[in-house]
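> Turn this into a structure:
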Amino acid sequence: MSDSAHYLVGAKTVDITPSLDKTVFLAGFGQNRRATGVLHPLAASILYVKDAGGSAVCLVSVDLIGLFKTYVDSIRSLVKDIIDPARVFVCSTHTHSGPDTMGLWGKSLVGFPLKSGVDAGYMDWLVEQVAEGIRSAVAAAEPASLASVTFDTPDHWVRNDRKGGGSYRRAVALAARIGDRIPALLVNFAAHPETLWDKNHLISPDYPGPFRARLKELGVETPIFFTGPLGAMLTPNVNPKGHFEERRQYVENLGKELAELSIQQVEKAEPLAGPILATHKDFVVANLNWRFNFAKKLGVFEREIPNGFISTEMNQLSLGQLTIATVPGEASPEVGEMLHEAMTGRDRMIFCLGCDELGYIIPSTFWNNPEYKYETTMSLGAHMAHLVVANVFEQRLGG
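Predicted coordinates for the structure are as follows:
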């Protein structure tokens, strides 16, 4: 490696769009919403980084509502011969226009779930596609420099649909450079990819799709999007009464504007140097949500809950002065701020829906606030916020 190329970097994008040869139940919103076409393809975007000492990590973003830890572990098992499985972080963008991967959005009768919406064949194919993408990214690795930058995004892009709810304008970019080339640019940004809303029947990553497309037009070879603290309830600031074409145009505009701001900010990015450090923690958490238990008994919820506990994980990574934490659910912006404070490093990324999806993670003080009634129905319990912040603090890394 040259003096300026402190790392080996490989990046790859693979298609994970489900075939419409079979029924595809779209995740998010209500049950029984079936796909009729494809607006934008879904992707798995992969960044592999290896330091001079041989330590490596693989960051994977998939255009899905969420991916349970069991599937993440299946992907890891297929690549364990080339990378430590604990160093493979698979996170979801949380698109509300992708296939049901959790079981909650299949057939229903007057709003009552009757059957899981998960297609087992698609899930098997997905695992293999992502694993092959990881192999391709590792094989493509070449000497590169890395740089990162934190920047604020405009207020008008995103709103919080909960009265009194906070914001999380902070975005972070990680750029790989080889001379004048940008082989990969990863951006961490917080807003629900749900712009197209509940009447949409077209498959799409929502705004992360046009974001990646615009970055490619601007010369980025592999654009990558990771979701930040979007829970409760950061949403793109589209007209709530807007018709489909207005919403589709907002998806295009937000993606394009985020891409253009990100590429501008990369010019201000500061170099990263130093070894890759990572921590991985497996733990169990109590499920206090009777709805999940009931859905599991119905065979709808695709998750094991032995004795009322769920196995999950959290991770932290440092690339020089950049630190990254994975959070197994949808942290609210308020929890995002707590996580940011618990971390170290010049620049700090929070990957929500990281290596798991356990629903909303909101401050315990919100639990009796009627504004957050919906979030409490899609959460393991009021203990989650304290637990994830404590784990981040416990795992904190230098940077």
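> Could you use CA atoms for every contact and neighbour count after this?
Noted.
> Can you list the strands that the lowest-mean-pLDDT helix or strand in the chain pairs with?
Lowest mean confidence among the helices and strands of the chain (mean pLDDT, DSSP states H and E): strand 112-113, at a mean of 72. In the sheet, strand 112-113 lines up against strand 108-109 (antiparallel) (DSSP bridges).
> if we can go back for a sec, what is the subsequent helix or strand relative to the least confident helix or strand of the chain?
helix 120-139 (DSSP states H and E).
> Show residues contacting the least confident helix or strand of the chain.
With CA atoms under 8 Å, 6 or more residues apart in numbering as the test, strand 112-113 has contacts from 31, 104-107, 300.
> again with stretch 382-399
In contact with stretch 382-399 (CA under 8 Å, 6+ apart) are residues 277-279, 314-323, 325, 327, 331, 335, 338-339, 342-346, 361-364, 367.
> Look up phi and psi at residue 103.
Residue 103 adopts backbone torsions of phi 100, psi 0, taken as degrees, to the nearest 10.
> The nearest residue to it once chain neighbours are set aside: what's it in contact with?
When the adjacent residues along the chain are set aside, residue 103 lies closest to residue 116, with 4.2 Å between them (CA to CA, 6 or more residues apart in numbering). The neighbourhood of residue 116, defined by CA under 8 Å, 6+ apart, consists of 102-107, 299-302.
> Out of those, which end up buried?
Burial by neighbour count, 16 or more other CA atoms under 10 Å: within these this picks out 102-107, 299-302.
> hmm, which two among those residues are most spread apart?
Largest separation among the buried ones among the contacts of residue 116 by CA to CA: 107 and 302, giving 14.4 Å.
> from the chain's centre, how far out does stretch 171-191 sit?
Here stretch 171-191 shows a centroid-to-chain-centroid distance of 16 Å under the convention CA atoms, centre = their mean, to the nearest Å.
> buried ones in that stretch?
By 16+ other CA under 10 Å, the buried positions in stretch 171-191 come out as 171-178, 182-191.
> repeat for stretch 35-54
The neighbour-count check on stretch 35-54 (16+ other CA under 10 Å) flags 35, 38, 40-51 as buried.
> Helices - which of the residues you listed land there?
Among the buried residues of stretch 35-54, DSSP state H puts none in helices.
> Looking at those residues, which is nearest residue 253?
Of all the buried residues of stretch 35-54, residue 40 has the smallest distance to residue 253: 14.3 Å, by CA to CA.
> so the closest one sits right up against residue 205, yeah?
Yes: if you go by CA atoms under 8 Å, residue 40 and residue 205 touch, sitting 6.7 Å apart.
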